[in-house]
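Peer 1: Predicted model follows, preceded by the sequence.
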Amino acid sequence: MNGPDGNGAKDFVGDWRDSRLDLTDKVAVVTGAARGIGRATCVALAREGIKAIAVVDQLSDVTEFADQANEHFGREVMVPFSGDVTSAEFRGRVFTEMQKLHGVLSICVPAAGITQDRLAVMVDRDTGDVDLYCDEAFRRVLEVDLIAPIYWAMETVGSVARDRHARGLKRWKPSDGMRGCIILIGSVSSAGNRGQISYATAKAGLEGAQATLTAEAMYHTVSAAPSSTPATPTPPWCGPWGRASSTSTSCPRRNYVG
């Protein structure tokens, strides 16, 4: 096929334009939706015509974002939920309410994340005392950046699996295709990064989780894929648990150097 210039460029572009995903019957959940990567993901999905999105964030202004987006797109595409993404009770409420309103949730982008950056081992320049990275901060980063995304992803797989069972569908066959998708937000820090012992650990763990879900979730017609990015200057770097925060944990701050 050739375009007006004889090289087929115009028709080629048209082919790409026709290759857009049909998301009109899909329902998604996106965490960290009020800011950064999560917010951009919600906007992109809405532009693609998705049926509905559960926009989830601990920040209360997620409601304002959803209201503005719904007005812009001229339909109630975003449903806001404000709460702690590490809470199983909260996660369950999001899925229950969305399924009642819009049906099965089959797309999940758990983008909520925090950092607590600091060297793993520091030495007091005056006394020589050694200070290890605070275990409370480490656990909090793992809860938000590793455990929570995995459970939001598994809940999505479960949502699709229950629906398949309710419709009498048995063991998955290749002809069934894929019905859902999970995108886990990775990072180049997973390879190791000075000052990010907890964050790097969490992101490396997500790679293992993604590979495992890829092998398992396909039998429920759900695929899983990673999305690794370089350092992105979004609010998780400076939010309630940001780099310079001294209020997120009880970890002491002293005159230590690496």
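Peer 2: The structure has been received and is ready for your questions.
Peer 1: Moving C-terminal from the top helix by length along the chain, which element do we reach first?
Peer 2: The residue-count maximum for a helix in the chain (DSSP state H) belongs to helix 197-217. Reading on from helix 197-217 to the C-terminus, the next helix or strand found by DSSP states H and E is strand 222-229.
Peer 1: which residues make contact with that following strand from outside it?
Peer 2: 37, 106, 153, 156-157, 160, 178-188, 190, 206-207, 210, 213-214, 217 (Cβ atoms under 8 Å, 6 or more residues apart in numbering). C-beta coordinates here come from the backbone N, C-alpha and C atoms, glycine included.
Peer 1: now do 7 Å
Peer 2: 153, 156-157, 160, 178-188, 207, 210, 213-214, 217 (Cβ atoms under 7 Å, 6 or more residues apart in numbering).
Peer 1: Now go through these and say which are in strands.
Peer 2: 180-187 (DSSP state E).
Peer 1: Most neighbours of all these, which one?
Peer 2: For the ones in strands among the contacts of strand 222-229, the largest neighbour count, defined by other Cβ atoms under 10 Å, is 26 neighbours, found at Ile182.
Peer 1: residues contacting Cys42?
Peer 2: Each residue near Cys42 by Cβ under 7 Å, 6+ apart is listed here: 30, 33, 53, 55, 69, 78.
Peer 1: any weak-confidence spans in the protein?
Peer 2: Within the chain, the stretches with pLDDT under 70 are 1-20, 228-258.
Peer 1: which stretches of it form helices?
Peer 2: Using DSSP H, helices in the chain cover 9-17, 36-47, 62-73, 88-102, 135-142, 148-166, 197-217.
Peer 1: between those helices, which gets nearest to Val121?
Peer 2: Nearest to Val121 among the helices of the chain is helix 197-217 (9.1 Å), distances taken as Cβ to Cβ.
Peer 1: That closest one packs against which elements?
Peer 2: Helix 197-217 sits against helix 135-142, helix 148-166, strand 180-187, strand 222-229, with contacts defined as 3 or more Cβ pairs under 7 Å, 6 or more residues apart in numbering; DSSP states H and E.
Peer 1: Can you say which of these is packed in most?
Peer 2: Using mean count of other Cβ atoms under 10 Å, the stretch among the helices and strands packed on helix 197-217 with the largest mean neighbour count is strand 180-187, at a mean of 22.
Peer 1: what's the spacing between Val62 and Cys108?
Peer 2: 17 Å (Cβ to Cβ, to the nearest Å).
Peer 1: Any chance of TSV for the helices and strands packed on helix 197-217, columns distance to Gly92?
Peer 2: Output for the helices and strands packed on helix 197-217, formatted as TSV (distance: least, Cβ to Cβ, whole Å):
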stretch	distance to Gly92
helix 135-142	21
helix 148-166	8
strand 180-187	18
strand 222-229	19
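Peer 1: For Ala120, find the nearest of these.
Peer 2: Nearest of the helices and strands packed on helix 197-217 (Cβ to Cβ): helix 135-142, 9.5 Å.
Peer 1: Does anything pack onto that closest one? Which helices or strands?
Peer 2: helix 197-217.
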